[in-house]
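> no FASTA, just this:
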């Protein structure tokens, strides 16, 4: 989709109003007073919209002064008949601004004037707008913005109803809101309109007795699509399929396929806009449509396609519905229709998008619900969609002059200045959609090495953070940013960011504590890392004990742990494994073995086969299943046992225990554990078979490549060099034990992995290809000192000058290597 929303080719005034509607604060309408009015509106909305706190009196005073100055200037301009329509329209904006400011002054206890005086002034300016619009007809370019002003006016009139009750205010809203829209649902890009709709809806939700949409439509005295939208928003995320189906089918029955000189049925298309919001709200609240209504909704959508011509709303709702009922191919095909129809519509509109946010939403939805395996030849390419969405959101920012962080300029970003305050204040629907877009781009590309090295992952996260107002969501984004820093081996920056930007504000962010401990484990002295892990574990238990404490007594540790969320359970077990690894490093393997029983006890307490656990397990991916974690624990235990000469059989027994666990998936880590055990026993051919099996499924698997390299490039070490070898040898990244070297002289011919020199050369050439490709594609391989070490050996063998750089990379990464991979904290 190459269409850009540049603003070129349309009237400057129309574009300025459109830009303000999406939340912009820079305007070039060509009319100075109109630009000033729009900018004043931005300043006031910045401090009032979606804010729980009252307007600061000092800010209100400054804004009121500027509004009065502009108000006086406009009266002079209008009297002199200078650009009368734009100036008169700017005056409408100022009427509302003055009314809002006087309303907020009436709510302030610090004002010298009485609250009633300020309310009277506010009411006066609200009425001025209404009376002006009754007398004055403006050009069509002002139509949508007039709806915003009317809605804003309606909201504050409701707030100012003299002597009114909540019921009176709600009746006032119900009686007047539909008149503003004339049964035209605003587009997604009309963000400010949605802000005021949601403010009114929020007020209406105070009435807890309204629990059915029929009550709302009765109050509105309408079954129009706009009335349905208000009901859907007021009863956010609640399922009323049969009720809405009855209304939907009425619109369908009154529609027919348009002739050449007709348009699609307006009510039907408008209802599909409601239907999209209904479905997305269900999804956001973890619900779906009633299984008994699936066929009826599907018939409604298919019939709507037959009664319309290239309808974007119908295609969009079909895309969501088919995805919801697991018909992915139909969902993708309808997404492609959305793109195709939007492109045709823009061509008829001077190559301008009438609703750019809706198209961004379509791309966002399809990328969240598909993968590369869903590609359809010549129709749908997942990677192309990613690039198109990325370019589309950048175009959106540049068109409306929103500031954003470009990955090219990331070198100028000071991580200590990424604060907890939102830097870009946009209407709620706009900021939510854009933030989700940046987050989705990060999530999709989070394993892409090129995106990591080019700082694109970092820029995606910063742009998402700058839009977030939710503290929890922002902390999660900040954690991801810190995690990216760790993957970039910027350990000092990562530590600084974790301590100053996350843990200072959110001290119970245990993922952050785990990552911090892993960062400090790169230091030679592991004591600080060990203390952090111990403190984090103690804090998790004590925090949950406090949460589980009733009035008379505390629950014990086991009961407390049962209150963990699924991911918190994983995090707790991973913290315990990191703790044991640090004990092994500091005190030795025997001390680590003493803690194994405690690890299994924690697992059994957390994952106790309860009905709740079983239900929750079905909602997570295979790599977060408890069976996968238990296998991981047994493999972890085997890696400790195998380092002790008198525990080799225990290591094998642990691997067998992992193998016994029944799962619906294949765990390659078991093959790796078996491979390294066999290699330790000098059974090279059997070990190679295990590593090859892993590489078949995952050609960039670091541990499989290192295992293969250990046999392909055996080290011939003299007895005098043993101590040096033990000091310098590099171990695989997930702590598989060092193997007995596969020297040709020590092996029987039957156990050689290479039969001839030609065979050996071919094997080393394949190893070189594997290692080189992995360092170009895999983040884990790129950050693995073992991979660079063996690559340097291969380069040295072939007298390739790259061996020096490979060796330098190896040394640098080995010096900054954590006790366990950073990935073990990211759950």
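Received, thanks. Worth saying up front: this structure is predicted, and the values here are computed from it rather than measured.
> distance between the ends of stretch 495-515?
9 Å (C-alpha to C-alpha, to the nearest Å).
> leaving out sequence neighbours, find the closest residue to residue 426.
With sequence-adjacent residues excluded and distances taken as C-beta to C-beta, 6 or more residues apart in numbering, residue 426 is closest to residue 23, at 3.7 Å. C-betas here are computed from N, CA, C, even on glycine.
> can you check residue 648 too?
Residue 648 sits nearest to residue 642 (C-beta to C-beta, 6+ apart), 6.5 Å away.
> what sits against that neighbour?
Taking C-beta atoms under 8 Å, 6 or more residues apart in numbering, we find residue 642 in contact with 648, 651, 676-677, 680, 737.
> do residue 424 as well
402-404, 431, 466-467.
> picking that back up, name the member of the contacts of residue 642 with the most neighbours.
Comparing the contacts of residue 642 by number of neighbours (other C-beta atoms under 10 Å), residue 676 comes first, having 31 neighbours.
> so that residue makes contact with residue 708?
No - counting by C-beta atoms under 8 Å, residue 676 stays clear of residue 708, with 11.5 Å between them.
> coming back round to it: gap between the residue nearest to residue 648 and residue 654?
Between residue 642 and residue 654 the distance is 9 Å, computed by C-beta to C-beta, to the nearest Å.
> would you map the helices across the stretch 501-650 of the chain?
Using DSSP state H, counting those that start in this stretch, the helices of the stretch 501-650 of the chain run over 510-520, 527-547, 557-561, 566-587, 589-593, 596-606, 611-617, 626-641, 648-660.
> kindly report the same for the stretch 651-800 of the chain.
Going by DSSP H, counting those that start in this stretch, the stretch 651-800 of the chain shows helices at 668-680, 684-697, 702-712, 722-728, 757-777, 779-782, 785-797.
> right, and those helices - which one's nearest residue 543?
helix 668-680 (31.0 Å; C-beta to C-beta).
> check which helices and strands the closest one is in contact with.
helix 626-641, helix 648-660, helix 684-697, helix 702-712 (3 or more C-beta pairs under 8 Å, 6 or more residues apart in numbering; DSSP states H and E).
> any idea which of these is most buried?
Highest mean neighbour count among the helices and strands packed on helix 668-680 (mean count of other C-beta atoms under 10 Å): helix 702-712, with a mean of 25.
> state the number of residues packed around residue 243.
Residues near residue 243, counting by other C-beta under 10 Å: 15.
> that one - nearest residue in space that isn't next to it in sequence?
Using C-beta to C-beta, 6+ apart, the nearest residue to residue 243 is residue 213, at 5.5 Å.
> so the one you found makes contact with residue 235?
Yes - if you go by C-beta under 8 Å, residue 213 and residue 235 touch, sitting 6.1 Å apart.
> secondary structure element for residue 187?
Counting by DSSP states H and E, no helix or strand carries residue 187.
> can you check the one 5 residues further on too?
Residue 192 is located in helix 191-204, with elements delineated by DSSP H and E.
> so how far is that helix from its chain's centroid?
24 Å (C-alpha atoms, centre = their mean, to the nearest Å).
> quick one: contacts of that helix?
Residues contacting helix 191-204 (C-beta under 8 Å, 6+ apart): 20-23, 45, 49-50, 144, 147-148, 151-152, 154-155, 158, 169-170, 173-174, 177, 186, 188, 210, 230, 233-234, 357, 426-430.
> could I get the contacting residues of the nearest residue to residue 87 once chain neighbours are set aside?
Spatial nearest neighbour of residue 87, chain neighbours left out: residue 77 (4.6 Å); criterion: C-beta to C-beta, 6+ apart. Residue 77 makes contact with 33, 83, 87 under the criterion C-beta under 8 Å, 6+ apart.
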